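J.: Provide a 3D model corresponding to the input given below.
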Amino acid sequence: MPGGNIEDVILFQIDKTSKISKKYSQKEFDRIKLGITIDQWVLLKIIEETAPISQKELADKSLRDPASITRTLDILETKNLLLREPILNNRRQYNIKLTNEGTKFVKNNIEMIKEHRRKSMEGFSEKEAQLLKNLLLKIQKNMS
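T.: Numbers count the residues shown, from 1 in each chain. As a prediction, this is how the structure comes out:
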């Protein structure tokens, strides 16, 4: 919007909100010495919900580029939170799933994540929360 105030741009506010929420959650992760980043948590949660999942599917679902996914998966595999299993007749792809330790890690920390989500929606009625979700989905559809 030429000449407009950046603070009035909805997409700027969405991006700013995303960064503030990530910063808040990462600070909490660091405070309790969780040992992972927000981006690593997101991948663990996606894997937990959809395993087995290929690396390409994980990149698509998390909206991250495959190269950064590879690095993050390497880190999480080193921490024994996930494993990559070869796909028969496909030497280039792997199915990714959580280890038993990874499954416990997600289960042990999900309440904290739910609390972060609750905090983000403080003061919203259910109707407002649903409206916000619908509006964000509409923006996503417009931009896809």
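J.: please make it C-alpha for all contacts and neighbour counts, starting now.
T.: Will do.
J.: show the contacting residues for the residue sitting nearest the centre point of the chain.
T.: Note on the chain: the residue nearest the mean C-alpha position is Val42, at 2.9 Å, using CA atoms, centre = their mean. Val42 makes contact with Ser62, according to CA atoms under 8 Å, 6 or more residues apart in numbering.
J.: dihedrals phi and psi, it?
T.: phi -60, psi -40 (degrees, to the nearest 10).
J.: please shift the residue numbers so they start at 3 in all later answers.
T.: Happy to do that; since the first residue is 3 now, the last one works out to Val44.
J.: just the pLDDT for it.
T.: Val44 carries a pLDDT score of 97 in this model.
J.: quick check, pLDDT for Glu50.
T.: 97.
J.: sketch out the low-pLDDT regions of the protein for me.
T.: In the predicted model, the chain carries pLDDT under 70 at residues 3-5.
J.: now the longest strand belonging to the chain: buried residues?
T.: Counting residues, the longest strand in the chain under DSSP state E turns out to be strand 92-100. Residues 96-100 are the ones in strand 92-100 that count as buried (16 or more other CA atoms under 10 Å).
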